[in-house]
Structures are given as structure tokens and as C-alpha cells.
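Novice: Based on what follows, work out the 3D shape:
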Amino acid sequence: MHKRLLAAGAAAAVLAVALPSRANGRYPGGTQLVFSPKDPNYMVLRTTYAILPSSDNGITWRYLCEGVIGLPSDQGEDPSIGIMSNGNLIAGVPGVSNFGRGMNLSSDLGCDWSCQGGNLLNQSVVDLAVRPDDPSKAVAVIGTLLPIDGAETFTNQVYETADNGQTWTALSDLLDSRLTIDTIDVTSTDPDRIYITGTIGYSQFARAVFLVSKDHGKTWTENPVPQFDPGQESGLYIGAIDPGNADRVYMRSAAVKAGGLSRVYYTTNAGAGGGSSAAMDASDDGGLLPGGVTFALAESLPADGGFDTPEAGMFDITGELLGMALSPDGSKLYVGTLESGLWIAQTSDMMFEPKNPNLAIQCLATRGNELWGCSTVYKPGDFTLGVSTDDGATWQSRIQYVESICSAVDCAPNPGGPLGCGADGNGSECKDAFDTWCGSYDTSHACGTCPAADAGPVTPNDGGDDGGPTKAVTPASSSSCSCTTVGRSGDADFAAGFALTALAGFAFVRRRGRR
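Specialist: Predicted coordinates for the structure are as follows:
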């Protein structure tokens, strides 16, 4: 999850909904899965309602409320998370308007957190990336909106940690303040290479840019993406980088809210061409130099290299590409949407074919021969998180419904701190929130029992290569929860319901970054 400003209506309105939810409105589901680089049993799933760590390779999961990292209760953006080489969990919290939280660190699986001070304090951490070649290091980029009337101006800067998240140092000078940053990423083969994607300009005048640094953030080359259509697309997100070729980068675009296109982009030469950091000035053309840039669209996808997004809800866009993952050897690229399911292409020709049209994709990740996918529980047989070993033809559930989460993270109280940025408690404060949330949506009275079927051979949404009928198999110890539209949960205020205030001129920030 993004810094796209969604203007509210011209008249003030207040929607009071009697749901145990926060002012976010999204359907419950996973949005990012990260694996420990050292411990094969440790992984963390970010969801729309909590952070869920697992210490037994996804067999059981615990509930960590997002209040421990100070995520504002009325915010629709998700934190960026990463696991370092020593097991430290880092979480960057984005901000609304000119408000930010900063970077949080936990060294005990999410119980206790510390807020990283210095120049990261109160900054909006847009995205972060752990270095695959040296996971004791990570980069993060801030994009804090400055309170300047009549202009969308940001404090944009890249930071790095070289000690598992304990300290952070600025790598770059301030980047172009007109740049709305979407993602940052690093490569496996070039420790000095850093990529950033984003846009410059507003609405139909926006231009997508692809920034490259080959000297560890000292200087940057800004490349335009000429195929980007601001009338139909609103942002550009890095989804994967080839593990053996730092020049080959895969991206996906977000669609405009009113309906447009969400497409797959790729470059085989690091977007070579364009200008330099010196070109990022205040000139009329935004420093976007024409020609010499190699970006391509995956033309085999249905709608001009992607998917049409004809409809939009209050917070979500129908048909948008939400999942992208690359096989560990770089030979296959997986993409997916909630509506059109899972698609797969050989990267040698980038010709996509539907693999499992019955699976609602909300995020994708790969590990070894495993393809992991976040889905949603729209209907019986769906799952929140699953894993496939046959390129997504069949799936095993790892988190089925609300009943599949065992308990809140078991933490000792820590009244003396330290605490996460803007937080007022540690992980021990999450038990009441978990009990409230669990009880509200548990129709089978199995919540917190860790059903064995959660890790069993469940194969829902078995579309197969032929796109055959759905095989909806629900574990015997679990039943479909009475899930209504819910948003963020996890803080003590979760059970109090939510009120969404829409005021003239108010801008709501929605994160659609790394998934």
C-alpha cells in the first residue's frame, strides 16, 4: 500500500456504521506477506485489520493490533513491513496529509516496539525494502506531505539501515518535492542499485517516473514511462526484480478511481535513458526527457496490457491488479486481481494466460517452489491466505476464516516502554481487541482454537488450467464467518464502531503500495 488523494464530496457528510470496524471500509483480507531470510518457520502477514505473525511456517497465526505501531485509527493506508536477518521486525507507518509516524522496530516478534528517532521521527514512511543479498540492511523512503497551500509538495528522501533496523541514515539528498512516491526497491545482484517509482503532477496531467540510482543513492536518473496514461492510471508500483539481472524490473499500475486501466509494465534495461538528477528541477516539463527509455506492456493481458477497472467503491477499485510475484529463478511472473483471478507468464515472452480464474487475488509472494496468495472470504471455500506448489492450480489454506487465528500475540505488559511511534501500549494490549474482534465475526464459536484443518489439504478455488468449476471445500472445524464490510481493526477502539467524515476539500489517503 497510496498517497493518491481521493477528494470527498462537496457537502459535509457523516456516515455512522454500527460495525466493529475502523474508518477504513475495506473487506478483511491480507495485503502483504514477508518471510524471514534466516528462519524458515517465521513469516508475517499484513492484513486490513491487523499484523499476523507465524512462528511455525504458517500452521498457526497470532494477532497483533496495529495500535502497537501507532497506525492512526482513521487511516486507510497500510504499514510497510520487513523481517531482518536477525529476526527484527520493522514497520514503517505512512501518514495522512502532513502527519506521519515514522519507523518502528521490534526484536521480540512484535511484543515490544521502539520508535526510531532522528530525521525519521514523524515522517511518512511510504515504503521499505529489505536487501535480499544482505538482509541486515534495508532501505526506506519517506514522502511527507508539506502543508503548502495550492500545491502537492513532499519531503522525499531515502534512508538505509545497516544494523537490522536499529539505526537509519539518509542515503540521498532531498529528492524532487513534486514527486509522489509509490515504491522503493533493491536488487539481489547489485548492492548499489536502488529503484523508486512515482508520479509528478496532478490528475490527467500526471506523469509516471522511474528513478534509478547506481551509486547507492548519491545520484539519481529520472526516466519517464511514456506508455503511462494519466487519464486511466494513477500510480506505478514495483512488483518484482529479476534475481539474476538487476536491469529487469516488473511493475504494475493503479487505476484511476472512476474506472480505467491497471496494467503490467516491465523494463529489461533499468529504464535506460531519460535525464539525470540534475534534470529534476522546476522546469515546465518536470525534467522528463523524451526518448531512449525502454518500457514495455504485457500486451497479452485483456485490456491493453492489463485489466479494465469499470467500477469503484468508496475505497476499492474493481478489477485492479493487486498481486504480483516473480518465481525465485526469475522464469515466471504471477499477477492477479480480485475479479479475474490468477494469471501466469513465462518471463521469456511475457505472454500471460489465466491460471486460476476462481481465486480472488489480493497479494502474491513466492518462496522456493511455493506460491503464496492472499485472498478474501467472499464466499465459502475462499481463504485469507493459501499456498500452492503447482503454480496456483490448487491451493492449501493457511488462514481460512477468523476462526483460524489462534490468539493475540502472548506478550508481557511493558508499562515503562519503549513504545512504537505514537503508540500507547505494547502487544499485551491486543488481547482485548482480539477477543472483541474474534467474537464479533465468529459464528462457529471456534475462534482461538487453532483448528488443525487450517494447515490441512484444503483445495478451494481449484480452477486449474482449464478454468474449471470451483471446488469449494470448507474445513470441518471451521465455517464461514458472518463477515460484513470491515476495515482496520486491532486497537482498543475496534469495538466502538466507526464514523467516516467526508468534508468539502478533505483528502483521504489510500495506500496501494507493496503487496
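Novice: rest of the way, CA atoms for contacts and neighbours
Specialist: Fine.
Novice: Can you classify the nearest residue to residue 404 once chain neighbours are set aside as helix, strand or coil?
Specialist: Distances taken as C-alpha to C-alpha, 6 or more residues apart in numbering place residue 450 nearest to residue 404, at 5.6 Å, with adjacent residues excluded. Look at residue 450: counting by DSSP: H, G, I helix; E, B strand; the rest coil, its state is coil.
Novice: contacting residues around residue 450?
Specialist: Applying C-alpha atoms under 8 Å, 6 or more residues apart in numbering to residue 450 gives the contacts 60, 403, 404, 405, 406.
Novice: what pairs with the closest residue to the first one other than its chain neighbours across the strands?
Specialist: Residue nearest to residue 60 in three dimensions, not counting chain neighbours: residue 54, with 6.0 Å by C-alpha to C-alpha, 6+ apart. Beta bridges link residue 54 to residue 43 when assigned by DSSP bridges.
Novice: and if you look at residue 160?
Specialist: Applying DSSP bridges, one finds that residue 160 bridges with residue 139, residue 169.
Novice: what's the neighbour count on it?
Specialist: 23 (other C-alpha atoms under 10 Å).
Novice: and if you look at residue 219?
Specialist: Residue 219 is flanked by 18 other residues according to other C-alpha under 10 Å.
Novice: How about the secondary structure of it?
Specialist: Assignment for residue 219 (three-state DSSP): coil.
Novice: Hmm, it is touching residue 175, no?
Specialist: No. Using C-alpha atoms under 8 Å, residue 219 makes no contact with residue 175, being 9.8 Å away.
Novice: can you map out the strands along the stretch 151-300 of the chain?
Specialist: Assigned by DSSP state E, counting those that start in this stretch, the strands in the stretch 151-300 of the chain fall at 154-161, 169-170, 179-186, 194-200, 207-213, 221-224, 233-241, 249-255, 260-267, 296-297.
Novice: Please read the previous query as pertaining to the stretch 301-450 of the chain.
Specialist: 306-309, 321-326, 332-337, 341-346, 353-356, 363-367, 370-374, 385-388, 396-399, 407-408.
Novice: Pairing partners for the fifth one, with directions?
Specialist: Sheet pairing of strand 353-356 (DSSP bridges) gives strand 341-346 (antiparallel).
Novice: what's the angle from the partner strand to strand 332-337?
Specialist: 160 degrees (axes from the mean of the first three to the mean of the last three C-alpha atoms, to 10 degrees).
Novice: then strand 341-346 to CSV, C-alphas only?
Specialist: Output of strand 341-346 as CSV, limited to C-alpha atoms (Å, rounded to 0.1, in the frame of the first residue of the first chain):
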residue,chain,number,x,y,z
GLY,A,341,-8.1,-14.5,-10.6
LEU,A,342,-4.5,-15.6,-11.1
TRP,A,343,-2.5,-15.2,-14.3
ILE,A,344,0.9,-16.5,-15.2
ALA,A,345,3.6,-15.8,-17.9
GLN,A,346,7.0,-17.1,-18.8
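Novice: Can you report how many residues neighbour residue 355?
Specialist: 26.
Novice: Wait, it touches residue 336, no?
Specialist: No. Using C-alpha under 8 Å, residue 355 is not in contact with residue 336, being 9.6 Å away.
Novice: any residues in contact with both of those two?
Specialist: What both residue 355 and residue 336 touch, as defined by C-alpha under 8 Å, 6+ apart, is the set 342, 343.
Novice: With respect to residue 317, which of the strands of the stretch 151-300 of the chain lies nearest?
Specialist: strand 249-255 (7.5 Å; C-alpha to C-alpha).
Novice: Residue 351 is nearest to which of the strands of the stretch 151-300 of the chain?
Specialist: Per C-alpha to C-alpha, nearest to residue 351 of the strands of the stretch 151-300 of the chain: strand 296-297, 10.5 Å.
Novice: looking just at contacts, which helices and strands does that closest one meet?
Specialist: Packing partners of strand 296-297 (3 or more C-alpha pairs under 8 Å, 6 or more residues apart in numbering; DSSP states H and E): strand 260-267.
Novice: Note down every partner strand of the strand it packs on and its orientation.
Specialist: By DSSP bridges, strand 260-267 pairs with strand 249-255 (antiparallel), strand 296-297 (antiparallel), strand 306-309 (antiparallel).
Novice: re the thing from before, the residue nearest to residue 60 - how many residues pack around it?
Specialist: The number of residues near residue 54, taken as other C-alpha under 10 Å, comes to 20.
Novice: Show the pLDDT at residue 402.
Specialist: On pLDDT, residue 402 comes in at 71.
Novice: next one: residue 495
Specialist: Taking residue 495 on its own, its pLDDT is 28.
Novice: Reformat the strands of the stretch 301-450 of the chain as CSV; add distance to residue 195 and mean pLDDT.
Specialist: Formatted as CSV, the strands of the stretch 301-450 of the chain follow (distance: least, C-alpha to C-alpha, whole Å; pLDDT from 0 to 100):
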stretch, distance to residue 195, mean pLDDT
strand 306-309, 22, 92
strand 321-326, 17, 96
strand 332-337, 19, 96
strand 341-346, 23, 96
strand 353-356, 28, 95
strand 363-367, 20, 97
strand 370-374, 25, 96
strand 385-388, 29, 96
strand 396-399, 32, 91
strand 407-408, 36, 92
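Novice: Let me know which of those strands is the nearest to residue 104.
Specialist: strand 407-408 (19.5 Å).
Novice: same for that closest one, what does it pack against?
Specialist: Counting by 3+ C-alpha pairs under 8 Å, 6+ apart, strand 407-408 packs on strand 62-63, helix 430-441.
Novice: State the mean pLDDT of the longest one.
Specialist: Along helix 430-441, the predicted local confidence has a mean pLDDT of 84.
Novice: Buried residues of that helix, list them for me.
Specialist: 430, 431, 432, 433, 434, 435, 436, 437, 438, 439, 440, 441 (16 or more other C-alpha atoms under 10 Å).
Novice: tell me what that helix is packed against?
Specialist: strand 407-408.
Novice: Adjacent strands (with direction) for the strand it packs on?
Specialist: Checking strand 407-408 against DSSP bridges gives partners strand 62-63 (parallel).
Novice: Let me know the average pLDDT across the helix or strand just after the partner strand.
Specialist: Remark: after strand 62-63, the chain's next helix or strand is strand 80-83, criterion DSSP states H and E. Across strand 80-83, the average pLDDT comes to 97.
Novice: Likewise for stretch 135-148?
Specialist: pLDDT averaged over stretch 135-148 gives 91.
Novice: May I have it exported as PDB, CA atoms only?
Specialist: The C-alpha atoms that make up stretch 135-148 are tabulated as PDB, following Å, rounded to 0.1, in the frame of the first residue of the first chain:
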ATOM      1  CA  PRO A 135      19.100  -8.800   4.900                       C
ATOM      2  CA  SER A 136      20.900  -7.000   7.800                       C
ATOM      3  CA  LYS A 137      20.300  -3.900   5.600                       C
ATOM      4  CA  ALA A 138      17.200  -2.200   4.300                       C
ATOM      5  CA  VAL A 139      16.200   1.000   2.600                       C
ATOM      6  CA  ALA A 140      13.100   3.100   3.300                       C
ATOM      7  CA  VAL A 141      11.700   6.200   1.500                       C
ATOM      8  CA  ILE A 142       9.800   9.000   3.200                       C
ATOM      9  CA  GLY A 143       7.200  11.100   1.400                       C
ATOM     10  CA  THR A 144       5.800  13.500   3.900                       C
ATOM     11  CA  LEU A 145       3.200  15.900   2.500                       C
ATOM     12  CA  LEU A 146       4.100  19.500   3.300                       C
ATOM     13  CA  PRO A 147       1.300  21.900   4.400                       C
ATOM     14  CA  ILE A 148       1.700  24.300   1.500                       C
END
